[in-house]
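**Student:** model this:
(one chain, ligands or ions: 2)
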Amino acid sequence: MAEPATATQAAAPAVPQLKDELDIVIPTIRNLDFLEMWRPFFQPYHLIIVQDGDPSKTIKVPDGFDYELYNRNDINRILGPKASCISFKDSACRCFGYMVSKKKYIFTIDDDCFHDAALWNVYCDFIYFHLTKVAKDPSGKAINALEQHIKNLLSPSTPFFFNTLYDPFRDGADFVRGYPFSLREGVPTAVSHGLWLNIPDYDAPTQLVKPLERNTRFVDAVLTIPKGTLFPMCGMNLAFDRELIGPAMYFGLMGDGQPIGRYDDMWAGWCTKVICDHLGLGVKTGLPYIYHSKASNPFVNLRKEYKGIFWQEEIIPFFQQTVLPKDCTTVQKCYIELAKQVKEKLSKVDPYFDKLAEAMVTWIEAWDELNPTGSSVINGKAK
Ligand SMILES: O=c1ccn([C@@H]2O[C@H](COP(=O)(O)OP(=O)(O)O[C@H]3O[C@@H](CO)[C@H](O)[C@H]3O)[C@@H](O)[C@H]2O)c(=O)[nH]1
Ligand SMILES: [Mn+2]
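**Tutor:** Residues are numbered from 1 along each chain as shown. Ligands and ions are numbered 1, 2, ... in the order given. Down below sits the predicted model:
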């Protein structure tokens, strides 16, 4: 039983719903019964469903949701030859939803992710335990994933100096002694990367050696990923500011006809982080958690991932050493420059990167065709 509301809790500012400024993008090959679990949280929002695989298959969407659904025929019709940059038979297809959205924010979630009621009781007990035992935490109520992502996106990030009390903008926290006041304004947050309980997002080798491992650990924190540090971005529970960073969220060429899979979100995350660092934007990771219910087949995953597992030993140094010119003042300009460098420096790893670099350019051309009013960002401020 949660503690009675305190003055602080009562004062905690309500999180805006942003229901007319946020689209929920779901890639799927399944019926979307999982939406029933999310109805209280998702019903107010517009959904963009990207149906992968056989376009003649009918995807059932529970009644009462406002959605648009795109299958492969729709993608080919809308993008024409540029549809070649959108993966087929891989969750990477979800990025088409980012491109066709007209909203400022995107939340993308997999169709096997839940906020399990039983699980939330465990979480609430966890919070309650902390509330009664260690400190009064003004929130102290079950946080729904979307609400937490919105909180993360609407509050600044602190990439230039690490705050040891984690998110300084969170109720009940602040900047600690020694934190430079000149840096306390923070920068706009472009990405909110959520985590997963139960089935963690492990790579295939780890899944194979630890088939029974489940993540039951709640870490009640949100962290800004420091400037100059890359991270493995998972697309399972992810939100971002589409106006600030949308064009960088290209989930790279995977799946059918490609030599690699399950690196779509990783590629987007590495490109996004390098561009956020360059433009003075922030990336956060941590809360919210979702309950990831289904482990995909580790043997199939190994086949998809194996080239990526040794390629990434060259890809990561590439991104770590990437320098973007000063005149790259928009995400699009940064992305085109990145594509150029991918072609120059990674094609020696495998001809796939030649193809990927071209697909990156096609993606930007398609993005700008569907979103003619390009955005530009200088020092973290959208112009
Ligand atoms: O060919 C496909 C396969 C799946 N999807 C949809 O994509 C998501 C994720 O699918 P699934 O849950 O089966 O895969 P996981 O291994 O658990 O997750 C991986 O996918 C990425 C994160 O989204 C990342 O690589 C891993 O976390 C579901 O919605 C499927 O319906 C698809 O569209 N096409
Ligand atoms: Mn899954």
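**Student:** From now on I want contacts and neighbour counts done on CA atoms only, so please keep to that.
**Tutor:** Fine.
**Student:** Show me where the chain has its strands.
**Tutor:** Here the chain has its strands, by DSSP state E, at 22-28, 46-51, 66-70, 105-109, 113-114, 189-198, 222-224, 237-241, 282-292, 377-378, 381-382.
**Student:** Which of those has the lowest mean pLDDT?
**Tutor:** Among those, strand 377-378 has the lowest mean pLDDT, at a mean of 48.
**Student:** Return the residues of the stretch 101-250 of the chain in contact with ligand 1.
**Tutor:** Residues of the stretch 101-250 of the chain lying close to ligand 1 by C-alpha under 6 Å from any ligand atom are 110-112, 201, 234-236.
**Student:** Now the spatially most central residue of the chain. Nearest residue, chain neighbours left out?
**Tutor:** Of all residues in the chain, the one closest to the mean position by C-alpha atoms, centre = their mean is residue 238, 2.8 Å from it. Once flanking residues are discounted, residue 238 sits nearest to residue 193: 4.9 Å by C-alpha to C-alpha, 6 or more residues apart in numbering.
**Student:** so what's the one you found bridging to?
**Tutor:** residue 238, residue 285 (DSSP bridges).
**Student:** any idea how far ligand 1 is from it?
**Tutor:** 12 Å (C-alpha to the nearest ligand atom, to the nearest Å).
**Student:** possible to save the residues of the stretch 101-250 of the chain next to ligand 1 as a markdown table with neighbour count and pLDDT?
**Tutor:** As requested, those are exported to a markdown table (neighbours: other C-alpha atoms under 10 Å; pLDDT from 0 to 100):
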| residue | neighbour count | pLDDT |
| --- | --- | --- |
| 110 | 19 | 96 |
| 111 | 20 | 95 |
| 112 | 18 | 93 |
| 201 | 19 | 96 |
| 234 | 20 | 98 |
| 235 | 26 | 98 |
| 236 | 24 | 96 |
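**Student:** In helices, which of those appear?
**Tutor:** Within those, no residue falls in helices by DSSP state H.
**Student:** By mean pLDDT, point me to the weakest helix or strand of the protein.
**Tutor:** helix 117-133 (a mean of 43; mean pLDDT, DSSP states H and E).
**Student:** quick revisit: what is the neighbour count of the residue nearest to residue 238?
**Tutor:** When counting by other C-alpha atoms under 10 Å, one arrives at 28 neighbours for residue 193.
**Student:** Over to residue 164?
**Tutor:** 13.
**Student:** residues touching it, list them.
**Tutor:** Applying C-alpha atoms under 8 Å, 6 or more residues apart in numbering, we find residue 164 in contact with residue 176.
**Student:** Give me the distance between it and ligand 1.
**Tutor:** Applying C-alpha to the nearest ligand atom to residue 164 and ligand 1 gives a distance of 29 Å.
**Student:** interface residues of the stretch 251-383 of the chain facing ligand 1?
**Tutor:** Near ligand 1, when you scan the stretch 251-383 of the chain using C-alpha under 6 Å from any ligand atom, you find 262, 295-296.
**Student:** Quickly name whichever of those residues is closest to residue 358.
**Tutor:** Checking those against residue 358 with C-alpha to C-alpha, the nearest one is residue 262 at 19.6 Å.
**Student:** who touches residue 70 in this structure?
**Tutor:** 48-51.
**Student:** Surely residue 146 is in contact with residue 41?
**Tutor:** Yes: between residue 146 and residue 41 there is a contact at 7.3 Å, judged by C-alpha atoms under 8 Å.
**Student:** Mind checking which of these two has more residues around it?
**Tutor:** Taking other C-alpha under 10 Å, residue 146 and residue 41 do not tie; residue 146 has more neighbours (21 against 15).
**Student:** Let's see the pLDDT reported for that one.
**Tutor:** Listed pLDDT for residue 146 reads 94.
**Student:** do the same with residue 372
**Tutor:** Note on residue 372: pLDDT of 91.
**Student:** Who does the nearest residue to residue 22 once chain neighbours are set aside form a beta bridge with?
**Tutor:** Leaving aside its sequence neighbours, residue 22 sits nearest to residue 105 (C-alpha to C-alpha, 6+ apart; 4.5 Å). Taking DSSP bridges as the rule, residue 105 bridges to residue 22, residue 241.
**Student:** Give me the distance between residue 105 and residue 342.
**Tutor:** According to C-alpha to C-alpha, to the nearest Å, residue 105 stands 28 Å off from residue 342.
**Student:** Tell me which of the two has more neighbours.
**Tutor:** residue 105 (26 against 23).
**Student:** my read: residue 223 touches residue 167, true?
**Tutor:** Yes: counting by C-alpha under 8 Å, residue 167 is a contact partner of residue 223 at 5.8 Å.
**Student:** which residues sit against stretch 31-50?
**Tutor:** Under the contact criterion C-alpha under 8 Å, 6+ apart, stretch 31-50 has outside partners 19-20, 22-28, 59-62, 64-71, 93-94, 96-97, 101, 111-116, 144, 146.
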